[in-house]
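Chemist: The sequence and its predicted three-dimensional model are supplied below.
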Amino acid sequence: MAPAAPAKGDTPAPQAVPPKRPPPRTPQRRKRGWLGPLLLLLLILACAFFAWQWWQGLQRHQGDWRAAVAALQHGHEQLAGDMAAEHRAATERMAQMEAELAAREQAAPVSGEQHWLINEAISLASLAEQQLLLTGDPEAARRLLRAADEVLARSEAPETVRLRAALAADIEKLAAADHVDLVAVMLRLDGLQQQVPELVLPRRERTAVPAAEQAQPVAPSATPPSFWERLLSRLPVQVRRHQGAVPLPLEADSRQLLRLNLESVLQEARLALMQGRAPLYDAALERADTLLAEWFADSDPAVIAFREALAELRAVPVTRALPDIGDGLAALKQARAGEAQQ
């Protein structure tokens, strides 16, 4: 029997909606369900592996550090033992030397006093020689040698007569020496050395080569070049040959080398003067004058004044201002060596 139709104007009763069922799980969703824990497990295993590797490396480094510390401690102990042994040996040597000195002083007290007097005289004679070389003052050097002679005069040993005679000969050499202000000479050499960059080089053109010589071909050599000739031909060296005088002005490098050569010659003269070597001093000034005459302009006022200054410096009696006073010092040192052998 069919249900009665709802009356007009009546609201239809709501019908019940059946609940929705979840869709069934597919195999892909099931795979995603166990993939996450697997990745997490792999990450934990990787972290544990790297942590284990780091721990093993740390243990190895700690073992190396412990070995290094042990080696340093062993080396320190060994060094301390060596230093203690050396200290004991040095103490024993010092005690032995003190005993020997005490025995010598008790056996021969006069020789000990003689030794100290000779040492003091050697010090004064060395100061006299240095004073003469540095300042060129013979009077100051003579005063020092007289002080050394007075020191030896306090000794009653017969051998001091020979030493005093050697000192007297040196004192007479200083009395005959000329007083020359060597400091002023060295300062003048320094001033000349500073003037070298301002010197003027002359201008000399290249000598013209005749046309016949220019056109003349070079005949080939009958003999093959040697090994050294082939080697020199490959080197980056340029050999220039000029007919007659070298053309001027020179290149920049050549001019610089020429001025450096002149400065080095002046420096050599200064060093020879400081060492008291008069022949080398005169030879250096002569070479400097030769360089000026050969390479620099003769008409330049600076070059003329430079050469005049060199002539004045060459006229200084350096040989008589720096006499050889080493005989007394050598005799004193020989006497001290003889005492040491005894």
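Modeler: Looks like it came in fine.

Chemist: Counting neighbours, what do you get for Glu172?
Modeler: Neighbour count for Glu172, taken as other Cβ atoms under 10 Å: 13. C-betas here are computed from N, CA, C, even on glycine.

Chemist: Equivalent analysis for Gln195, please.
Modeler: Neighbour count of Gln195, defined by other Cβ under 10 Å: 14.

Chemist: helices or strands next to the helix or strand harbouring it in the packing?
Modeler: If you go by DSSP states H and E, Gln195 is part of helix 182-195. Applying 3 or more Cβ pairs under 8 Å, 6 or more residues apart in numbering; DSSP states H and E, we find helix 182-195 packed against helix 109-135, helix 252-274, helix 301-314, helix 318-321.

Chemist: Can you list the helices and strands that the longest one packs against?
Modeler: Read it as helix 109-135. When contacts are defined as 3+ Cβ pairs under 8 Å, 6+ apart, helix 109-135 packs onto helix 27-107, helix 138-153, helix 160-176, helix 182-195, helix 326-341.

Chemist: which residues touch Arg287?
Modeler: By Cβ atoms under 8 Å, 6 or more residues apart in numbering, the residues touching Arg287 are Val265.

Chemist: quick one, phi psi at it?
Modeler: The phi and psi torsions at Arg287 (degrees, to the nearest 10) take the values phi -70, psi -40.

Chemist: Distance of it relative to Gln194?
Modeler: Separation of Arg287 from Gln194 (Cβ to Cβ, to the nearest Å) stands at 19 Å.

Chemist: Can you pull the poorly scored residue ranges out of this protein?
Modeler: Where the chain drops to pLDDT under 70, the residues are 1-33, 104-112, 136, 176-180, 202-225, 227-228, 230-252, 319-322, 339-342.

Chemist: got the domain boundaries for it?
Modeler: The chain breaks down by automatic domain parsing into domains covering 109-177+326-341, 180-202+249-322.

Chemist: For the ones you listed, give me a markdown table that also has distance to Ala102.
Modeler: Below are the domains of the chain laid out as a markdown table (distance: least, Cβ to Cβ, whole Å):
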| stretch | distance to Ala102 |
| --- | --- |
| domain 109-177+326-341 | 11 |
| domain 180-202+249-322 | 43 |
